[in-house]
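> sharing a sequence plus its predicted fold:
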Amino acid sequence: MPCASNQSEEKEQASNPGLNYCCYVGQQEKLFIPFCVPIHHGLVLKLELSGRYNLDLIVPVFLIILAELLIFWGNMQAAMIVHALNLIFIILASIYINNRIYPVLMLLPLFRLLNVAMPVFFQLTLYSYSLVYAPMFIPIYFIIKDGLLSHSEAGITFKGFWFFLPLAVAVGFALGWGENNVLHSGMLVPDVSIRSILILTLTMVIFVGIVEEFIFRSALQTVMEDRLGANTGLVLSSIIFGFMHSGYHLPLELLYVSFAGMVFGLLFWMTRSLPVISVAHGLTNVSLFLVAPFRPDLLLYLIAVPGILFLLYAAIPKIVPRKAG
């Protein structure tokens, strides 16, 4: 569908049917050829077909999974090359295909490249998390600023936070307990002092929780659901989340984290709240790297007490109905 800006452009287009201008094609997401540059109908057809058959989505997702498999197989250098080429591909493709998926997909290879390239300043791994994750707030800020995701889509709200907080706590400690049975990890903190517990908790919630949950739930799951439908979008974004944990080199870990991703995704469906799922994700890591290795006997209480509390919160409005008026 041309959008010629004046009569001279319309005449030129009529005289040369091989040209087109500012073409919008596709249904759910429109492919846009920017700046009204003349292009051939063949290119428009290819772009239209790529959107219809999700070829514009398949290529970058395939390259992300391929790069993470290379990490899984121990070939870090080849993985970084694939991630870098994929990032370049997405940037170039976004010049011709204007959709929300490409800016979101850019976050994945960008995060992995940053993760590997970040110099090691601390002997304690915990202190390196903030350096790796903090720079990701910059592209996250621009995604929100440019309106690629609305605040409601991204779940940037504290509405219902206190109501769902007990559920987030229970889910977080339960998932961490399960993952510890896969990884059998040790503690990330040098001691179990209040200071170490606070540093671990704040790091895992504010940096790891917010960044990863924005990338995989607020952004990736949202755009995947928009393109592929709710169920397919949830499953695919969760599988990608699982593959992005390939550094552990354990097949069972990929499966378990994909499952955890679906749990976080369902929690995001229920709450539509980035703060809630960030707490759940952060406490998963606290459970994994502190409670399960140090005091696994406490996990039953840390899961059951907030879980029961949430059920009571949810039951109160039914037991005591609101008065009319």
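Alright, I've got the coordinates.
> from residue 306, how far out is the closest residue to residue 245 other than its chain neighbours?
Residue nearest to residue 245 in three dimensions, not counting chain neighbours: residue 257, with 4.5 Å by Cβ to Cβ, 6 or more residues apart in numbering. (Each C-beta comes from the backbone N, C-alpha and C, glycine too.) Per Cβ to Cβ, to the nearest Å, residue 257 is found 23 Å from residue 306.
> who has more neighbours out of those two?
Between residue 257 and residue 306, counted using other Cβ atoms under 10 Å, residue 257 has the larger neighbour count: 24 against 20.
> the more buried one is in what secondary structure piece?
Here residue 257 is covered by helix 251-271, with elements defined by DSSP states H and E.
> circling back to that earlier point, what sits against the residue nearest to residue 245?
Residues near residue 257 by Cβ atoms under 8 Å, 6 or more residues apart in numbering: 179, 241, 242, 245.
> what's whatever helix or strand the third one lives in packed up against?
It refers to residue 242. Secondary structure here is read from DSSP H and E; on that basis residue 242 sits in helix 230-243. In this structure, helix 230-243 packs against helix 55-72, helix 222-228, helix 251-271, with contacts taken as 3 or more Cβ pairs under 8 Å, 6 or more residues apart in numbering; DSSP states H and E.
> give me the contact list for it.
Under the criterion Cβ under 8 Å, 6+ apart, residues 61, 64-65, 68-69, 108, 212, 216-217, 220-228, 254-262, 264-266, 269 lie in contact with helix 230-243.
> go with 6 Å
For helix 230-243, contacts defined as Cβ atoms under 6 Å, 6 or more residues apart in numbering pick out 65, 68, 216, 220-221, 224-225, 254, 257-258, 261-262, 265.
> got a markdown table for those, with pLDDT and distance to residue 150 too?
Putting these into a markdown table (pLDDT from 0 to 100; distance: Cβ to Cβ, whole Å) gives the following:
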| residue | pLDDT | distance to residue 150 |
| --- | --- | --- |
| 65 | 98 | 28 |
| 68 | 98 | 29 |
| 216 | 98 | 18 |
| 220 | 98 | 16 |
| 221 | 98 | 15 |
| 224 | 96 | 16 |
| 225 | 96 | 14 |
| 254 | 97 | 32 |
| 257 | 98 | 28 |
| 258 | 98 | 27 |
| 261 | 98 | 23 |
| 262 | 98 | 24 |
| 265 | 98 | 19 |
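> looking at these, which is nearest residue 126?
Among the contacts of helix 230-243, residue 257 lies closest to residue 126 (Cβ to Cβ), at 19.7 Å.
> tell me how far that closest one lies from residue 238.
For residue 257, the distance to residue 238 (Cβ to Cβ) stands at 9 Å.
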